[in-house]
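Student: Show me the folded form of this:
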Amino acid sequence: MIEDARLPHTPVTLAEWTYDTLAKGQLTSSTRFAGGLPYVSAVTGYDDGYRPLGTTVSIPVAPANGAVAGTYTESVTYRPDGSLATETLPAVGGLPAETITHTYTDAGQLSSTAGLALYVAGTTYRWDGTVAEVLHGAAGSQMRRSFSYEEATGRTRAEQVDAETSPGVFTSRYTTEYGYDHAGNVRAVAGKTDGARDQVECFRYDHLRRLVEAWTAATWECSAGPQRTGADPYHRTWTFDAVGNRLTQTTTTRPETPPGRTRSAPRTGSARTRSPGSAPPGPRLARCKRSVTTRPATRLSRPPRTVPPGPWSGMWRASSPRSPPVARHRPMCMMPTVGGWLPANPLVSPSISPRPRFASRPVAASPRSATTTTWRCVPQLACTGPTVTATAPPSYRPTRKR
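Tutor: Residues are numbered from 1 along each chain as shown. Modelled structure (predicted):
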């Protein structure tokens, strides 16, 4: 007996059990009290193997119970090996009383189940005892469930439901496929309706094999990350504390954009594509190594850190007060532009004013500050844009090799 002792002077019985009246050491009945009313489940008897022969459930009359109040008795019989042979169910809820009979194969595996109707017409098993196929209903309007497995691990690979559209002809209705990781966790569950895949559910686990993230995708590719697409999209994540208790559940309601898809760029109004690991959008100073060749011996002491900002991705030249011979260098890096990062291989000529791309000699430039460099767009290379002036540290000026 269990009593509620929160009020010491008025104990309330919540549940109680009775033993030994039908068979020594066996349960006779269990009672649960709710609102002061008893709900009783009692065993009607035991056979020589101490198996229960029937159960009676009593529901008291109460406004909350309505028409469900009453007593319901179910009885069962067994085969010599102890497997269930028949079940006799009472009439309740508008359903008539019936007796359900089970048949088995010579190996003791369940073969069919029948009552007022044929519920399981036949069951086929594989060599290892797992279910290969189950037929439900009478011939002519049957439903067939088929199962396939991974031969190496025995894990369920797919389950398919077919409907009999004409005698002996079945058409696929629903298919569920399963994917696993190397530890045996279910990694993906993919569904098909009438042969067409409509959704894939993906799952991610932590190092303790706890489910930490689940989402839906449109294709069998969970490695692409959360997408929240498909027939019934969702994306949820969970967190745990140090002892394993679940702390939070987060549901993402906005649609996800898979990596590699095109999304509108708010800066320019155009579209851009970003892939995982690419540089973030927006203006930024580029750092890269420059390969410098000079004629005659002229070099840049260090690669410049200041790169002219602006939306130009063409070829550039610079002019400054000194006019040494041509020094060309092609940086292999990402040049910043407004609204994204674009590849650029500028051809730069320090201390040379604008001239044709393949000019044989330098052109004198107007005097300027020793620390100021003017970057000009080369029209011959189909580049347009204004002249931009940028300041570099003095140590970055061109120097002659002595």
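Student: care to break the protein down by domain?
Tutor: Listed domain ranges for the chain are 1-78, 315-329+367-402 (source: automatic domain parsing).
Student: ranking those by mean pLDDT, which is last?
Tutor: Confidence, taken as mean pLDDT, is least for domain 315-329+367-402 of the domains of the chain (a mean of 44).
Student: before we move on, which element is the nearest residue to Asp206 once chain neighbours are set aside in?
Tutor: Excluding the flanking residues, the one nearest Asp206 by Cβ to Cβ, 6 or more residues apart in numbering is Val212, at 5.0 Å. C-beta here means a position set from N, CA and C on the backbone, and glycine is covered the same way. Element membership of Val212 [criterion: DSSP states H and E] is strand 211-217.
Student: Show residues contacting that strand.
Tutor: By Cβ atoms under 8 Å, 6 or more residues apart in numbering, the residues outside strand 211-217 that reach it are 199-206, 224, 226-230, 232-240, 256, 258.
Student: for the stretch 101-250 of the chain, which spans come out with low pLDDT?
Tutor: Within the stretch 101-250 of the chain, no range satisfies pLDDT under 70.
Student: In it, mark out all the strands, start to finish.
Tutor: 110-114, 118-120, 122-125, 131-136, 143-149, 156-166, 169-180, 186-193, 196-205, 211-217, 235-240, 246-251 (DSSP state E, counting those that start in this stretch).
Student: Same question for the shortest one: list its buried residues.
Tutor: Taking 16 or more other Cβ atoms under 10 Å as the basis for neighbour counts, the residues of strand 118-120 that come out buried are Leu118, Val120.
Student: what does it contact?
Tutor: Ile100, Leu110, Ser111, Ser112, Thr113, Ala114, Val134, Leu135, His136, Gly137, Ala138.
Student: 7 Å instead, please
Tutor: Strand 118-120 is contacted by residues Ser112, Thr113, Val134, His136, Gly137, Ala138 when judged by Cβ atoms under 7 Å, 6 or more residues apart in numbering.
Student: Put together a markdown table for those, with distance to Phe33 and neighbour count on each row.
Tutor: Formatted as a markdown table, the contacts of strand 118-120 follow (distance: Cβ to Cβ, whole Å; neighbours: other Cβ atoms under 10 Å):
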| residue | distance to Phe33 | neighbour count |
| --- | --- | --- |
| Ser112 | 42 | 17 |
| Thr113 | 36 | 18 |
| Val134 | 42 | 17 |
| His136 | 41 | 17 |
| Gly137 | 43 | 16 |
| Ala138 | 46 | 12 |
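Student: how about those residues in a markdown table, adding distance to Tyr125?
Tutor: As requested, the contacts of strand 118-120 are exported to a markdown table (distance: Cβ to Cβ, whole Å):
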| residue | distance to Tyr125 |
| --- | --- |
| Ser112 | 13 |
| Thr113 | 15 |
| Val134 | 10 |
| His136 | 16 |
| Gly137 | 20 |
| Ala138 | 22 |
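Student: Now the two most distant members of those residues.
Tutor: Maximum pairwise distance among the contacts of strand 118-120 (Cβ to Cβ): 14.4 Å, between Val134 and Ala138.
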